[in-house]
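Q: The sequence and its predicted three-dimensional model are supplied below.
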Amino acid sequence: MNRQNSNPHAAPGSISRRGFLGSSLALAAAPSWPWRADEPLPSLTLVNLVGGNDALNTLIPTGLSTYRRARPTLAIAAEAGASLDGGAAATRAYVLHPALANLARRYREGQVALVRCAGYEGADQSHFHARDVWSRGYRGNLAPHSGWIARFKDLHARPTTAVVALGLAGQADFLGGETSSTFLLDDQTQLAAGFRFTGDIDYPANNRYRYQLAEQVAQRQREHAAHEHARRAMLRSLEEQRVLSGGGTSLVSYPRTVVGNSLQTLGALHHLGLKIRIGYVNHGNFDTHAMQGGATGDHATQLLDLDRALEAYVRDMEAQGRWRTTAIALFSEFGRRNAETGNGTDHGEGGVMIVLGGNVRGGQHGPELTEDMLRGNVLPTAIDFRSVYAAILEQHFAVDSAPIFTEAYARTAMGLFG
Amino acid sequence: MRVSLTCATVLVTLAGCSSGKRSAPLTAPPPEPEAATSLAPQSGPLTADQRAHLQMRTRWAVSPEVDRTIANAGLEFYVSTLLTPGEEPVLEAEAARRFPYPLNPTGAELSTWWVHLISKTVSPFRDVMALLWHDQFALSHAKFGTTTRHMVRTYVQQLRRGALGNFRELVHTMVQDGAMQVWLDGIASTRTAANENLARELFERFTLGLGNGYTPRDIAEAARALTGYTLQPFGTAETVVFSADRHDAGSKTIFDKAGPFDAASLVELIFAERDVATFVARRLFEHFCYPDAPATVVADLAAVLREHDYELRPTLQVLLRSRAFYSAKSRRAHVKTPLESAIGFLRATELAFEPAVIDLILTETGYRPAAPPDVGGWPEGDAWLTAGSLSLRSRLLHAIATERELHNRLGIDILRLLPLASERDPIAAVHSLAARLDLALDEQDVATYSNYLNTRTTARGENVETTPDPFRFDRADHVSERLRGLLFLLSQHPTFLLR
């Protein structure tokens, strides 16, 4: 058997599960391992644009007059946007927000896939409900209570440090599984402060002895089972302090922004050799009810921070020899209303997902935006977001998506890689 | 984002049950034990363990003096002192000195100011409640600019002032609060373009809960009722005022009732037409007792709240004296937030630490007062049991335990934690300090910790060499190295994570 086609991370039992779910998944390609044996393991970096990113001012339909009429203050002129007119998927029907210049260049180089009208059926414009659905990968109110990343982790990335999140905003994605993820809460000063623990400098030997004893105490099984979760957490914390105490170094320089620091930390942890399969970064507050702006303003500033930090991260992955096996997915809980409310927009439905990576097949997915669509209140949610994640799971990680997204959904087939 | 995580979920998760197993239970859950669901008063005097529980829920630390007060003066007396905290003008003036430009404070000044009040108050329960409401009416100074940020101070003062008052009044205050108007875009909402942000959160977060008894149309109409607030210059800053010409005075239809509602009459309408009491009662019960409260006991507490017209004092009187509160199910049922962990440790050890540094590390751990991550407040439960957060907590607790210079300067002698001659023995000292931190130790733990006191450590390259060396309470170096070390070591006991 060709070693390149055997997936070392296939979950036991996944084949029978596929058989059971049967024909509804006929679209799912049989996962085959797409990477050379000498390449780093594939990894996914998720960037959560917290609060509901305005899809219409991110991927701007240049030819639609309804867009400009609905947004007298916020509309961005076609010539001001970042051009997508280059490469195999060249288009003049859309431009990216002017702040996304690096991303647009990578699109023209064929490394960016854009997915219009992403979301889920039955969106109700509530932050909490939308985040719950995106986190669990499940629309129903009942099981599973676990996040989709937790289910992925249980099957394919069991070590605690194989899934690393910066910040807490997307935490429901990680909870409810059998294994735990690493959370780094210190977006701002992670690298400055590092995990280097100086401890009691007056008594260094006693300081070390304390940590040994603390671990000993936490290792001991307790009679009182009700405290078992705390015991495991304390033990994990003490153990991981040792792993992470190596700190981190970066091969490239990053912008000194919150999202820049977060991505730099993640890059440094990759460099440390933690074998991270999923890294998760929160960015911004995209809940732009007011002060949103068009080509300049709050939304533009947040996109500019994002674009610069992402470009640094891509260069870091290139420098580490990881870019080909890296995928980055940008998502947000919903898009915003088609029409502006003063200098802002209320919660909407369909959003835009963006996937980039060294092995991503550039292009556009989802329905073309039309005048009719923009005359409505919100963009439709024509592409279930799980279609995008399923494509990443199958084509990038070469694992079956069925055990992770168990609820039936209208899946759109898309070739995002290769 | 709030995740409705519960300790029960955490236990099941870590015990390795798959979510699939939980989703399809084969048998009905066993009936709740009676005590855990009863609001009847706890009868008879409290046990030492129950008194510790009461302290952990109301001040995050155990003090021997407070324990004596509860034991001698009785539960009723203690609860009534909790519910009537005195004014603290001296402390407030001291904390206010953190604002060199009161009209234009920085975010760090605001958070540190509140941490200062929380860490030095003699009535911790006021802030226990203020922080609960802060989580419910969450806003963060991160969104504010130099000219509007001062309103966050007023917002915190309103929370602290109203923490034990009437819940309906608190909702009125919050909806019309300047900082809240800025935070939820009330000031961007006008007669011609009503912004739905505040209206949505008023239903979803403040009074009813997600999707509970309101429609998108109710939100849109309520948004019209809430229009009219705008910014106005105020010295070197700005303030929020009501301006009639921005307000939509027309008729709105909310909950099928038509009328020219405004902010005040909208709040009254919600309380009249919808079940706010259950939403608030669940919040109170789960905060003080245990997560995933059964509907019956929540309904009982909601009835108390309604009977007292949403007055919080009589409701808390009932709750803090109830059998449910003292039931085994409530004991250590919560994971401490980083703030509860840090302030609880400081209070239990009676040590001092600079509020600005506490604030700095709280920022790193993700729990900074007056700066929650978003409108959903903070996460709960095992989100706080993650490695990054715990290692940062460790750093803070270690810093507090070994802040020798500051403690010497302030004349704080760590031996004052062990005033009795009978406590001046390694095993007795472990028991005494563990009781302040409310730890559940077994015999092996006690042996490990007392052996630690009786051990000398020397560095040998990368290794640590240990030699038996009986602890002496009259040796300043033993106390400085090992008794402080013990305080830190105790804070790394698994049960310190719980309250």
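A: The structure has been received and is ready for your questions.

Q: tell me the contacts of the closest residue to B:Tyr101 other than its chain neighbours?
A: Spatial nearest neighbour of B:Tyr101, excluding adjacent residues (CB to CB, 6 or more residues apart in numbering or on different chains): B:Thr236 at 7.7 Å. Using the backbone N, CA and C atoms, a C-beta is placed for each residue, glycine as well. When contacts are counted by CB atoms under 8 Å, 6 or more residues apart in numbering or on different chains, B:Thr236 touches B:101, B:103-104, B:147.

Q: Do you know the pLDDT at A:Leu142?
A: As summarised for this prediction, A:Leu142 has a pLDDT of 62.

Q: give me the element the spatially most central residue of chain A is part of.
A: Nearest to the mean C-alpha position of chain A, counting by CA atoms, centre = their mean, stands A:Leu46 at 1.5 Å. Assigning secondary structure by DSSP states H and E places A:Leu46 in strand A:43-49.

Q: Quick check: the residue nearest to B:Tyr101 vs B:Arg149, distance?
A: 12 Å (CB to CB, to the nearest Å).

Q: so what sits against both of the two?
A: B:Asn104.

Q: returning to that earlier point: quick one, which of the contacts of B:Thr236 are buried?
A: With neighbours counted by 16 or more other CB atoms under 10 Å in any protein chain shown, the contacts of B:Thr236 contain buried members at B:103-104, B:147.

Q: Chain A: which of those is nearest?
A: For the buried ones among the contacts of B:Thr236, the minimum distance to chain A (CB to the nearest CB) is 13.6 Å, reached by B:Thr147.

Q: Strands of chain B, residue ranges please.
A: Taking DSSP state E to define them, one finds strands in chain B at B:229-234, B:237-242, B:252-254, B:257-259, B:455-460, B:463-468.

Q: same thing with chain A?
A: A:43-49, A:59-61, A:82-83, A:94-96, A:112-119, A:163-166, A:182-184, A:278-283, A:326-331, A:351-357, A:363-365, A:383-384.

Q: Need those in JSON lines (columns: mean pLDDT and distance to chain B).
A: What follows is the strands of chain A, written out as JSON lines (pLDDT from 0 to 100; distance: least, CB to the nearest CB, whole Å):
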{"stretch": "strand A:43-49", "mean pLDDT": "97", "distance to chain B": "10"}
{"stretch": "strand A:59-61", "mean pLDDT": "98", "distance to chain B": "22"}
{"stretch": "strand A:82-83", "mean pLDDT": "98", "distance to chain B": "28"}
{"stretch": "strand A:94-96", "mean pLDDT": "98", "distance to chain B": "26"}
{"stretch": "strand A:112-119", "mean pLDDT": "98", "distance to chain B": "16"}
{"stretch": "strand A:163-166", "mean pLDDT": "83", "distance to chain B": "8"}
{"stretch": "strand A:182-184", "mean pLDDT": "67", "distance to chain B": "4"}
{"stretch": "strand A:278-283", "mean pLDDT": "93", "distance to chain B": "8"}
{"stretch": "strand A:326-331", "mean pLDDT": "98", "distance to chain B": "15"}
{"stretch": "strand A:351-357", "mean pLDDT": "98", "distance to chain B": "17"}
{"stretch": "strand A:363-365", "mean pLDDT": "97", "distance to chain B": "28"}
{"stretch": "strand A:383-384", "mean pLDDT": "98", "distance to chain B": "21"}
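
Q: Tell me which of the strands of chain B lies nearest to chain A.
A: Between chain A and the strands of chain B, the tightest spacing by CB to the nearest CB is seen for strand B:455-460, at 4.0 Å.

Q: Does the closest one reach chain A?
A: Yes: counting by CB under 8 Å from any CB of the partner chain, contacts between strand B:455-460 and chain A involve B:455, B:457-459.

Q: what residues are up against the residue nearest to B:Glu34 when sequence neighbours are not counted?
A: Excluding its sequence neighbours, the residue lying closest to B:Glu34 (CB to CB, 6+ apart) is B:Arg323, at 7.9 Å. By CB under 8 Å, 6+ apart, the contact list for B:Arg323 reads B:34-36, B:38-42.

Q: which of those residues lies closest to A:Pro34?
A: Using CB to CB, B:Ala36 comes nearest to A:Pro34 of the contacts of B:Arg323, at 53.8 Å.

Q: pLDDT at the closest one, what is it?
A: 94.

Q: Neighbours of it, how many?
A: Number of residues near B:Ala36 (other CB atoms under 10 Å in any protein chain shown) recorded here: 19.

Q: got it, and B:His150?
A: Around B:His150 there are 26 residues (other CB under 10 Å).

Q: ok, it to A:Arg336 distance?
A: 30 Å.

Q: And B:Trp378, by the same measure?
A: From B:Trp378 across to A:Arg336, the span is 26 Å (CB to CB).

Q: which one of the two has more residues nearby?
A: Remark: of B:Trp378 and A:Arg336, A:Arg336 carries more neighbours, 33 against 22, as counted by other CB under 10 Å.

Q: What residues are bridge-paired with the more buried one?
A: A:His347 (DSSP bridges).

Q: residues contacting it?
A: With CB under 8 Å, 6+ apart, A:Arg336 has these contacts: A:52-56, A:288, A:345-348, A:378.

Q: Greatest separation within these: which pair is it?
A: Among these, A:Thr288 and A:Val378 lie farthest apart (CB to CB), at 14.9 Å.

Q: Spatially nearest residue to A:Asn343 (excluding sequence neighbours)?
A: Per CB to CB, 6+ apart, closest to A:Asn343 is A:Thr73, 5.4 Å.

Q: Any idea how many residues pack against that neighbour?
A: 13.

Q: Help me confirm that it comes into contact with A:Ala339.
A: No: contact status for A:Thr73 versus A:Ala339: not in contact, 10.8 Å apart, counting by CB atoms under 8 Å.

Q: B:His53: what's it in contact with?
A: B:325-326, B:330-331.

Q: hmm, try it at 6 Å
A: B:Arg331 (CB atoms under 6 Å, 6 or more residues apart in numbering or on different chains).

Q: Please tell me how far it sits from chain A.
A: For B:His53, the distance to chain A equals 14 Å [CB to the nearest CB, to the nearest Å].

Q: pLDDT at that residue, what is it?
A: 98.

Q: Also the one 3 residues further on?
A: Per-residue confidence for B:Met56 comes out at a pLDDT of 98.

Q: Looking at the residue nearest to B:Glu34 now. What's its pLDDT?
A: 96.

Q: what do you get for A:Thr58?
A: 98.

Q: Likewise for A:Gly418?
A: At A:Gly418, the model reports a pLDDT of 89.

Q: How are the helices of the stretch 201-350 of chain A distributed by residue range?
A: In the stretch 201-350 of chain A, the helices defined using DSSP state H, counting those that start in this stretch lie at A:204-219, A:228-244, A:258-271, A:298-319.

Q: State the mean pLDDT of the third one.
A: Averaging pLDDT along helix A:258-271 yields 85.

Q: who's in contact with the residue nearest to the centre of chain A?
A: A:280, A:329.
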